[in-house]
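Asks: I need the structure of the sequence given here:
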Amino acid sequence: VPDNFKYELKKIDFNKPLTEQGINENDIDVVYGVNALHAAKDLFETLKEILRIIKPGGMFIVSECVRANNTDVLLQELIFNLLDDYIDVKTDSFLRTTPGFLPFKQWIKLFEKAGFKNIEIILNTDGLPEGSDLNRYPVLGGIIKGVKD
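Replies: Numbering: from 1, shown residues only. Okay, here's the model as predicted:
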């Protein structure tokens, strides 16, 4: 790690404007989140807020449980569906069709629509047989990365 490397861990409420929480626009090099954004009330607006605070050339990296498709109910969701914050989210027919964990293709759509570029997704498909149908594996881990122009 370089001597001039600085980082800050900060708890934020991603359902509120980030600039009202002491974060300036175009100020952050990298934002990293783990398994939380699927509970954002309006995920599209939250992604736009995150894009606002990232410097041009900076990136957003999120690690999330993802679904292969939007029809499977995941075992983990039997309990999570009892939590209001998990199910009380804005859905629509294009960007977010269900509450809870999102299919990985919806994450890509959301990142694109919010304005991120150079979007990449890595799924934990190691160990699956070559050419496997991902729809047979309803829950996957995913790392999604997007860059701000």
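Asks: List phi and psi for the closest residue to Gly100 other than its chain neighbours.
Replies: Counting by CB to CB, 6 or more residues apart in numbering, Glu77 is the residue found nearest to Gly100 once chain neighbours are left out, at 5.4 Å. For the C-beta atoms, the positions are set from N, CA and C on the backbone; glycine is no exception. Note on Glu77: backbone dihedrals following degrees, to the nearest 10 are phi -80, psi -10.
Asks: cool, Lys117 as well?
Replies: According to degrees, to the nearest 10, Lys117 has phi -120, psi 170.
Asks: Return the distance of it relative to Ile53.
Replies: When distance is defined by CB to CB, to the nearest Å, Lys117 is 16 Å away from Ile53.
Asks: what's the answer for Leu75, then?
Replies: On the measure of CB to CB, Leu75 and Ile53 end up 35 Å apart.
Asks: Please, where are all the strands along this structure?
Replies: 28-34, 54-67, 102-103, 117-123, 139-147 (DSSP state E).
Asks: list the buried ones in the lowest-mean-pLDDT helix or strand in the chain?
Replies: Ranked by mean pLDDT, DSSP states H and E, the weakest helix or strand in the chain is helix 77-80, scoring a mean of 87. Buried residues in helix 77-80, counting neighbours by 16 or more other CB atoms under 10 Å, are found at Glu77, Phe80.
Asks: Just checking the distance from it to the centre of its chain.
Replies: Helix 77-80 has its C-alpha centroid displaced from the chain centroid by 19 Å (CA atoms, centre = their mean, to the nearest Å).
Asks: export that helix as PDB, just CAs?
Replies: Extracted as PDB, the C-alpha positions of helix 77-80 are listed here (Å, rounded to 0.1, in the frame of the first residue of the first chain):
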ATOM      1  CA  GLU A  77     -35.300 -15.300   1.400                       C
ATOM      2  CA  LEU A  78     -37.700 -17.400   3.500                       C
ATOM      3  CA  ILE A  79     -36.400 -15.400   6.500                       C
ATOM      4  CA  PHE A  80     -35.500 -12.100   4.700                       C
END
